[in-house]
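Trainee: Compute the structure for the input listed below.
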Amino acid sequence: MKIEEGCCYHVYNRGNNKGKIFFENRNYYYFLLQFKKYVLPSTDVFAYCLMPNHFHFFIRVNNKTEFERGIKNLFISYVKAINQTYNRVGSLFQGRYKVKKVDTEAYYTRIVTYIHQNPSVSKLVNKMEDYKYSSFSAYLSNEPTSINKNEVLEWFGGLAAFITNHKTDDK
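Mentor: Model (predicted):
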């Protein structure tokens, strides 16, 4: 898919052969650190969730060239680190990352909710706020974050509606 500046995208991928891409807590943190270093400068981030064998990001691309270079560097650095740490070789991911354009406000709210519900739908946690590797808890906190909380909360009509929407749709 051709990436366009100013457009929003659901970016995702999973492990090769549906295998794990995160093996322990420090892997999740390292991936997020690399994302922040390589991808965040060229994007606005609305939601993310890192699952043991796949990940989701909902972003707006602000600089196409920097984004494409950054996401490539994210994957190269992460796979090199994982392969070195766990004495493995070969592909970690199932091919190139996938990108779907998100182009309506209704789709914006659906994709944010979908991404945040992944851990509870997969039965990794009973409550979304208990999952450490998702942006959901950032919306409930007053701590500084790289997530564009205010814009997302406007789509939902405020924090109360954001929470209600997530809970109502919680499986």
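Trainee: which residues in this protein form strands?
Mentor: Taking DSSP state E as the test, the strands found in the chain are 8-14, 43-51, 54-61, 98-102.
Trainee: Give me the below-cutoff pLDDT ranges for the chain.
Mentor: Along the chain, the parts satisfying pLDDT under 70 run over 168-171.
Trainee: Can you get me a residue count around T164?
Mentor: 13 (other Cβ atoms under 10 Å). (Glycine included, C-beta is placed from N, CA and C.)
Trainee: I meant to write S141 there.
Mentor: 11.
Trainee: returning to what we had before: redo the strands of the chain as a markdown table? Include distance to N87.
Mentor: Formatted as a markdown table, the strands of the chain follow (distance: least, Cβ to Cβ, whole Å):
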| stretch | distance to N87 |
| --- | --- |
| strand 8-14 | 22 |
| strand 43-51 | 22 |
| strand 54-61 | 23 |
| strand 98-102 | 28 |
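Trainee: out of those, which comes closest to I76?
Mentor: Among the strands of the chain, strand 8-14 comes nearest to I76, with 13.7 Å by Cβ to Cβ.
Trainee: Go ahead and confirm G15 touches L92.
Mentor: Yes. G15 is in contact with L92 according to Cβ atoms under 8 Å; the separation is 6.5 Å.
Trainee: Return the distance of S135 relative to I21.
Mentor: Separation of S135 from I21 (Cβ to Cβ, to the nearest Å): 18 Å.
Trainee: Helices of this protein, start to end?
Mentor: Under the criterion DSSP state H, the chain contains helices at 25-38, 64-85, 105-121, 136-140, 149-156, 159-169.
Trainee: The last one versus helix 149-156: what angle between them?
Mentor: Relative orientation of helix 159-169 with respect to helix 149-156: 60 degrees, computed using axes from the mean of the first three to the mean of the last three Cα atoms, to 10 degrees.
Trainee: how many neighbours does V39 have?
Mentor: 22.
Trainee: In space, what's closest to it - neighbours in sequence excluded?
Mentor: Once flanking residues are discounted, V39 sits nearest to G70: 4.5 Å by Cβ to Cβ, 6 or more residues apart in numbering.
Trainee: Then N126?
Mentor: Using Cβ to Cβ, 6+ apart, the closest residue to N126 is S120 (6.8 Å).
Trainee: Next: T43.
Mentor: I59 is the one closest to T43 (Cβ to Cβ, 6+ apart), at 4.3 Å.
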